[in-house]
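Trainee: output the structure for:
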Amino acid sequence: MSVVTPARASGFGEVSFQYEPIAAAYHYERQIDREELVLIADIGGGTSDFSLIRLSPQRARVADRRDDLLGNGGVHIGGTNFGQQLSLAGVMPLLGYRSQLKRGLEMPSSYYFNLDT
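Mentor: Sure, this is the predicted structure:
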């Protein structure tokens with residue numbers, strides 16, 4: 001029995017998926033007019049992934065792009081962790097994080113952690 005997927009029903013003969021950083025690089029590649037070496041960062045919820053890729057309008061027409069991906073890897077420090085640290089260091093102090101109450105106590109940090117999440 002053959003299953004008709006929505007993609008096939010819409011006329012697509014083949015459907016494939018690409019990793020997010022690579023897909024972002026290919027999208028960016030549509031905007032450039034010369035070869036570039038690009039570092040793509042995908043700072044997700046659980047990991048931060050990085051890809052170094054060669055892009056150019058000429059390379060965009062090549063079907064096999066494996067040689068253009070020069071390196072990729074990730075670390076288990078995700079966007080959630082990174083965003084929280086950035087928020088607590090840069091934004092939350094403007095909203096009173098670590099400020100002193102009239103009684104001399106520090107403003108409770110739990111409000112800011114909850115706001116951040």
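
Trainee: give me the pLDDT for the closest residue in space to Ile22 that isn't next to it in sequence.
Mentor: Leaving aside its sequence neighbours, Ile22 sits nearest to Ser51 (Cβ to Cβ, 6 or more residues apart in numbering; 6.2 Å). To be clear about C-beta, it is placed using only N, CA and C from the backbone, and glycine gets the same treatment. According to the prediction, Ser51 has pLDDT 92.

Trainee: how near is the residue nearest to Ser99 when sequence neighbours are not counted to Asp49?
Mentor: Leaving out its chain neighbours, the residue that sits closest to Ser99 by Cβ to Cβ, 6+ apart is Met107, at 5.0 Å. Met107 sits 35 Å away from Asp49, taking Cβ to Cβ, to the nearest Å as the criterion.

Trainee: Glu20 too?
Mentor: Applying Cβ to Cβ, the value for Glu20 to Asp49 is 8 Å.

Trainee: so the two - more neighbours on which side?
Mentor: Asp49 (17 against 13; other Cβ atoms under 10 Å).

Trainee: Arg34: what secondary structure?
Mentor: Assigned by DSSP: H, G, I helix; E, B strand; the rest coil, the conformation of Arg34 is coil.

Trainee: nope, Arg54 is what I was after
Mentor: Secondary structure of Arg54, per three-state DSSP, is strand.

Trainee: what's near enough to touch it?
Mentor: Glu35, Glu36, Leu37, Val38, Asp68, Leu70 (Cβ atoms under 8 Å, 6 or more residues apart in numbering).

Trainee: and the second one, how many neighbours does it have?
Mentor: Which is Glu36. The burial count for Glu36: 13, using other Cβ under 10 Å.

Trainee: gap between it and His76?
Mentor: For Glu36, the distance to His76 (Cβ to Cβ) stands at 29 Å.

Trainee: since that was my last question, I'll sign off now.
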